[in-house]
Structure formats: C-alpha cells, structure tokens
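A.B. asks: please find the sequence and the predicted model below.
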Amino acid sequence: MHPDSAQSRPIDAAEFAAAMAPFRAQTATGVAVACSGGPDSLALALLARDWAREAGIVCVGVTVDHGLRPEAPSEADRTARLLSENGLPTTALHYDGPVPRRDIQAAARQIRYRLIADWLATQPFSAVLLAHHQDDQAETVLLRLARGSGVDGLSAMAPVSGRDGMTLLRPLLAFPKSRLEVTARLSGLPVVIDPSNRNEAFARVRLRNLSDVLAAEGMTPKRLAETAARMARARDALDAARNRFVETEVTADAAGFLTFAPEAFQNLPEEVALRVLSQAVRVLGGRPYPPREAHLIVLREAIAAGTLGGGRTLAGTKVAVWRGRILICREGAGVDPPVAVYGGAVWDSRFILHVPGNGAVGADLQIGALGREGVTEIRRSGAECIETLPGPVRTGIPALRRDGRVVSVPHIGYQVEGAVPEGEISFRAVSTAWGEDFQRRLPFSNPAARPM
C-alpha cells in the first residue's frame, strides 16, 4: 500500500482518547494491553499507557510466548522488560504445551487467548485492548468473503466482544496500519518482527500482498472496513428482530429447554428464523460456535414442513415437537460425565451446585445426567414428578447420586428423604453457557434455589 500524508502521521493523544471513549464502562476498573512487541501492538501499548495516566485508570501490559519459534521466549521477556521500563508494567506469559502442527495461526491465537484469560482471572478487571486495525479488518472481510460468509461473517471484527471470560476491546479499527507503524517508530523503541507475517503459506499474508492490486480496483482497506461496518449494522437489525421473537414468543424453562409455536416461527423472515435456531442450538448445546448454516436451513425447512417426526439432533441439541410446540433442549446422550460435588461444582457448563462452608457436606455425592436408568429408578419409586418434563429433556437434567443411587433431582422436586441435609446444599440452574444475550432475554429461572 502507498499511504498518503494523512495516513502517515502518528495517532495523537486526543484521537486515541476519542477512540477509547465508547469503552468507558468496560475499562472503569482497569485494562490490560496485549502486546506482541510488533509495531501495531507497541503503538497501542504506548497510547494506552498515556491515556490511562491521564484518565486515572489502571493499565498493565501482557505479552505471550506461544512457543512456536525458538526466539519467542526471549522476545516476550524483552518486550515485557521494555514496556515495564517505559512506564507500563507488563507480564510475559510462556506456553509450554505441545506445539501445533496444523492450522498454526489459529492454534497460536487460541494459545494466546487461553493464556491471557487464565492470567486475567487473577486481575481485578476483565478488559483487554487488542491492536487490530483497519487493514486487519479489511483482510478479515476478504477472508470471510472467500469462505462464503453471510452478514455475520462480513461484519468482521467487533469493537467489543467476549471470549473465555474476557472483554476484548479494539479501539483502533478505524486507523490504518501505516499510522500505527509511524506511531511506534517515533517512540524510538525497538520492535519485534514476526517472520510469519511474511509467510505466504498463510492466506492472510497472500491477501496482504495483493493489497495494491485490490486498492487499484477500489477495494481499499478503508472501503472494505466501511463494508464491515454496514454489515454490522445489518447484523444488529437482524439480531433485534430475533430478540423480539425470543421475548414475545419463546418460553424458557429452568431445566434448560425452550419452546415456541411453529406458526409464529414460520411467519419469520428466513434470515431471522435461522438466527433464532442458530442462537438456541449454540447456547443450549453448550457450543462455542453456531452450527453450519446448511444444517440450520435443513432444520428450518423441516419445522416449516412439519416433518420433524420423532425429532432431530444438531450440535448437541434435540429438536422435537412437544404439545404442539417446537422444543429445543440439550441432547441427553451428549452431556458431560458426572463430577464429584465436594465444595461445589459446575456440571455440563450449564448448572451450578453450591455447597457452603468447608464442603464436607456432599463430599460423597456426584452430579450428572439423570439418564434413562435414573428415569426408570424414579418411576419405580412411585414418584410421578418426572412426567412433568418433556420426554427429550428428562435424561439430560442434572441429578445428585450417592453410591450410584439417585437421591435428588431438583428440577422436578424429587428427593429421597434424609438423603441430603436440609439447607446444606443449594442448587442453581444458572447457565454459564447461555450466552449473555440469551441469558438476558430468556427467563431461565432458578428452580432450586430451594434448600435440599
């Protein structure tokens, strides 16, 4: 690329403060800056350092050694030392696990996020600044266009996103890379050059090398980033339509399932209907990513045609008809294995069991799926409470067992008398996997905040 004079000047403090203004709430308790030592992240680290001093906000740096290159450990340590000596206390994190052999860039990204998330869990804040810029955004649009992405994919990187308990903030998406480079250069500090950024084995690098040709045809980074912004607006409008349907038509149960009338669903525009299914299946299945659109299209068509039959499975969920409504729930066969209770447990990423005190109570209990044998055990006891739940839901709900025997199933009010000391253990059907958006919009209540 051939940046003009406007793109060749450094980012000044006022511009950066304006870019950080939308993130005031997320950074109120402090913020970390992810810095590889390269020019982009170095510029961000120095800008954030000065901004935080002026704003009176705690700001620290973090750098990651992925373990993918022999030089990486010393580079990370040198970057941490350099930033610390220049007023930004910085921690170097080192990865010592197996070295990935395939999809290396994606693996490195996963390693970086996981290490930072684990470190951030020890800090009093959860926000991390990332140095993605306008050129990165443009490359992301092109990569996703090549993969046939729709509105969501083409909206590219969001200014604010969440991952692994972190809040990821990208204040530089409107700035071209050239301005970050000159900002770093004028600081006089040395930068780390990662050779993988020039390796044409990676699609992103190949696209980067075509940037002049693309710009000559009008596909400049600025224009591609503007396209991403338009797609983001379209995505937000579609999500708003999805949320209206969820709020008005979806009934959610604390046992971790939802239902809606097929007639109301069939009246939705196709894109909105697919979003309802995508979010419900992802969240109820406990998956980090939505299922493939092709699978969602088939599922939507089956619902519209009334051909679900005995139900279908998709991405860890069961979709069926129950009492004339569409039911989506966690697939019983795919839930996590039982875990010991001890002082408390999170099971299947969805249900939280809390044991107060020193955890001695419940030390001989396990929490796991009720399962078919558990359903049979409850029926043989003469209790009819299991029949209150839809058939596909029953096997996947959480149950407490002692010595293999079911002693409590909170969602149906089943409990063997005297099996659990009253008031000692509380069970909360609070999901850690619903996703913030659905957690707000679906009234998954807290059925067993009742003592057991």
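C.D. replies: Done, it's in.
A.B. asks: mind giving me the domain ranges of this structure?
C.D. replies: 5-230, 250-332, 335-441 (automatic domain parsing).
A.B. asks: can you redo these as a markdown table with mean neighbour count and distance to residue 239?
C.D. replies: Yep, even glycine has a C-beta here, placed from its N, CA and C like the rest. Formatted as a markdown table, those follow (neighbours: other CB atoms under 10 Å; distance: least, CB to CB, whole Å):
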| stretch | mean neighbour count | distance to residue 239 |
| --- | --- | --- |
| domain 5-230 | 17 | 9 |
| domain 250-332 | 18 | 7 |
| domain 335-441 | 17 | 8 |
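A.B. asks: now render the ones you listed as TSV, adding mean pLDDT.
C.D. replies: Shown next, in TSV, are the domains of the chain (pLDDT from 0 to 100):
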stretch	mean pLDDT
domain 5-230	88
domain 250-332	90
domain 335-441	72
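A.B. asks: can you add distance to residue 238 and give those domains back as TSV?
C.D. replies: As requested, the domains of the chain are arranged in TSV below (distance: least, CB to CB, whole Å):
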stretch	distance to residue 238
domain 5-230	7
domain 250-332	6
domain 335-441	13
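A.B. asks: excluding sequence neighbours, find me the nearest residue to residue 57.
C.D. replies: residue 27 (5.9 Å; CB to CB, 6 or more residues apart in numbering).
A.B. asks: confirm that the one you found sits in a helix.
C.D. replies: No. Going by DSSP: H, G, I helix; E, B strand; the rest coil, the assignment for residue 27 is coil, not a helix.
A.B. asks: nearest to residue 242, of the domains of the chain?
C.D. replies: Nearest to residue 242 among the domains of the chain is domain 250-332 (4.3 Å), distances taken as CB to CB.
A.B. asks: what segments of the stretch 151-300 of the chain are strands?
C.D. replies: 160-163, 166-169, 251-253, 257-260 (DSSP state E, counting those that start in this stretch).
A.B. asks: related to what we said a few turns ago, so who does the residue nearest to residue 57 touch?
C.D. replies: Applying CB atoms under 8 Å, 6 or more residues apart in numbering to residue 27 gives the contacts 20, 57, 125, 127, 169.
A.B. asks: same check on residue 36?
C.D. replies: If you count contacts by CB under 8 Å, 6+ apart, then residue 36 has 63, 64, 79, 192, 194 around it.
A.B. asks: with residue 30 instead?
C.D. replies: Residue 30 touches 57, 58, 59, 60, 123, 124, 125, 127, counting by CB under 8 Å, 6+ apart.
A.B. asks: list the beta-bridge partners for the last one.
C.D. replies: The reference is to residue 127. In this entry, residue 127 is beta-bridged to residue 167, by DSSP bridges.
A.B. asks: tell me which stretches of the stretch 351-452 of the chain form strands.
C.D. replies: Under DSSP E, counting those that start in this stretch, the stretch 351-452 of the chain gives strands at 351-354, 365-369, 398-402, 405-409, 414-415, 426-428.
A.B. asks: dump those into CSV; add distance to residue 223 as well.
C.D. replies: Output for the strands of the stretch 351-452 of the chain, formatted as CSV (distance: least, CB to CB, whole Å):
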stretch, distance to residue 223
strand 351-354, 47
strand 365-369, 51
strand 398-402, 51
strand 405-409, 57
strand 414-415, 61
strand 426-428, 49
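A.B. asks: between the ones you listed, which one is nearest to residue 234?
C.D. replies: strand 351-354 (35.7 Å).
A.B. asks: any idea which residue sits dead centre in this structure?
C.D. replies: Nearest residue to the geometric centre of the chain (CA atoms, centre = their mean): residue 163, 4.0 Å.
A.B. asks: among the strands of the stretch 151-300 of the chain, which is nearest residue 305?
C.D. replies: The nearest among these, by CB to CB, is strand 257-260 at 16.7 Å.
A.B. asks: related to what we said a few turns ago, redo the strands of the stretch 151-300 of the chain as CSV? Include distance to residue 331.
C.D. replies: CSV is the format used below for these (distance: least, CB to CB, whole Å):
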stretch, distance to residue 331
strand 160-163, 25
strand 166-169, 29
strand 251-253, 16
strand 257-260, 11
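A.B. asks: the residue nearest to the centre of the chain contacts residue 113, doesn't it?
C.D. replies: Yes. Using CB atoms under 8 Å, residue 163 is in contact with residue 113, at 5.8 Å.
A.B. asks: how about the helices in the stretch 201-350 of the chain?
C.D. replies: Ranges of helices within the stretch 201-350 of the chain are 203-209, 211-216, 221-249, 262-266, 270-285, 293-305, based on DSSP state H, counting those that start in this stretch.
A.B. asks: contacts only, for the residue sitting furthest away from the middle of the chain.
C.D. replies: What lies farthest from the middle of the chain is residue 382; by CA atoms, centre = their mean that is 42.9 Å. Contact partners of residue 382, counting by CB under 8 Å, 6+ apart, are absent.
A.B. asks: still on that earlier bit, just list the residues touching the residue nearest to the centre of the chain, thanks.
C.D. replies: 113, 117.
A.B. asks: how close does it sit to residue 122?
C.D. replies: Distance, residue 163 to residue 122, by CB to CB, to the nearest Å: 17 Å.
A.B. asks: and for residue 309?
C.D. replies: Counting by CB to CB - residue 309 and residue 122 are separated by 50 Å.
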